[in-house]
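[1] pasted the sequence and its predicted model underneath.
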Amino acid sequence: MSDRLLPPAPLPTPRGPVRWAIALSSALLRFERGALTALMTLLVLLILLNVVTRYSGIPIYWIDEAAVFTMVWLTFVGASVMTRLRMDFAVGLVSDQLPPRGAKAMKVLATFGVLVFALALVWMCWVWMDPRGIAAAGFNAKDYAEASFNFVYTEHTQTLEWPTWVIQLILPIFSLSLTVHAIANLFEELEVCPRIVHPGFDVVSADAVN
């Protein structure tokens, strides 16, 4: 029988750490799906409310700011989901010209690059938000700002008057979720576990049907 007709060899059963990483990524993806639905619903409602109040001559100015912040959160959550589903942008100018093994190596390298970026973002958020510093100041934002010249915990939004760090929490959340998804994608690219079909997204993880 020709080798072309032989089915592909089954992948080994993933070990504990690999299985946990994939399970954590899948659970996070399900949560992000619900968050996307909630944020999109909230954004539509805010836009409709803004239109109604402006046309009735009683505009509510904080709605604009709330819509902007909702869109920011929606963007970062969507970017995390797209990373896990491999729906992010890719340039195939080089990989399309490579043999299968070379193309596979390029995919592994690209996924590893995403993981490095995610870890760098985690580190940046840790330095920026400085949880140890604010804890050492007894969670007193003014004392912390005077000692560190980091005013992230003293600033407020213009119309909602919310602490800006609450809005900016999406950055460390995104960095952590991106790290989890990048690790799961890397395990799949290295073929240490099967590629996963993600129910509810109508998308198959890359090459799952090949």
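    Ah, there it is. Residues are numbered from 1 along each chain as shown.

[2] do you know how far M71 is from L43?
    6 Å (C-beta to C-beta, to the nearest Å). Yep, even glycine has a C-beta here, placed from its N, CA and C like the rest.

[3] hmm, I typed the wrong one, I wanted L160.
    From L160 to L43 the distance is 15 Å (C-beta to C-beta).

[4] equivalent analysis for V114, please.
    Using C-beta to C-beta, we find V114 at a distance of 27 Å from L43.

[5] excluding chain neighbours, what is closest to P163?
    Spatial nearest neighbour of P163, excluding adjacent residues (C-beta to C-beta, 6 or more residues apart in numbering): H156 at 5.9 Å.

[6] let's verify the residue nearest the centre of the chain: helix, strand, or coil?
    When C-alpha atoms, centre = their mean is applied to the chain, the residue found nearest the centroid is S80 (2.3 Å). The three-state label given to S80 by DSSP: H, G, I helix; E, B strand; the rest coil is helix.

[7] distance check, it against M87.
    Note on S80: its distance to M87, by C-beta to C-beta, is 11 Å.

[8] list the buried ones in the longest helix anywhere in the chain?
    Longest helix in the chain by number of residues (criterion: DSSP state H): helix 16-55. Neighbour counts using 16 or more other C-beta atoms under 10 Å place 18, 21-22, 25-26, 28-29, 32-33, 35-36, 39, 42-43, 46, 50 of helix 16-55 among the buried residues.

[9] can you check stretch 104-119 too?
    Of all the residues in stretch 104-119, those buried under the rule 16+ other C-beta under 10 Å are K104, M106, K107, A110, T111, V114, L115, A118.

[10] related to what we said a few turns ago, check which helices and strands the longest helix of the chain is in contact with.
    helix 62-84, helix 170-189 (3 or more C-beta pairs under 8 Å, 6 or more residues apart in numbering; DSSP states H and E).

[11] picking up where we left off before, ok, now which ones touch the residue nearest to P163?
    Each residue near H156 by C-beta atoms under 8 Å, 6 or more residues apart in numbering is listed here: W162, P163, T164.

[12] for the second one, phi and psi?
    In terms of degrees, to the nearest 10, the main-chain angles of P163 are phi -60, psi 130.

[13] and E191, that's in a helix?
    No: with three-state DSSP as the criterion, E191 is assigned coil and is not in a helix.

[14] quick one: low-confidence parts of this protein?
    Residues of the chain meeting the criterion pLDDT under 70: 1-15, 89-96, 199-210.

[15] run the last query once more with 80
    1-16, 88-98, 100, 103, 193-194, 196-210 (pLDDT under 80).

[16] quick one on the thing from earlier: if you compare the helices and strands packed on helix 16-55, which one is most tucked away?
    Neighbour counts (mean count of other C-beta atoms under 10 Å) averaged over each of the helices and strands packed on helix 16-55 peak at helix 170-189, with a mean of 21.

[17] for it, name the packing helices and strands.
    helix 16-55, helix 62-84, helix 100-129.

[18] format the ones you listed as CSV; extra columns: distance to A136.
    Listed next are the helices and strands packed on helix 170-189 as CSV, based on distance: least, C-beta to C-beta, whole Å:
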stretch, distance to A136
helix 16-55, 31
helix 62-84, 29
helix 100-129, 13
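
[19] of all those, which one is nearest N150?
    For N150, the closest of those is helix 100-129, at 7.8 Å, according to C-beta to C-beta.
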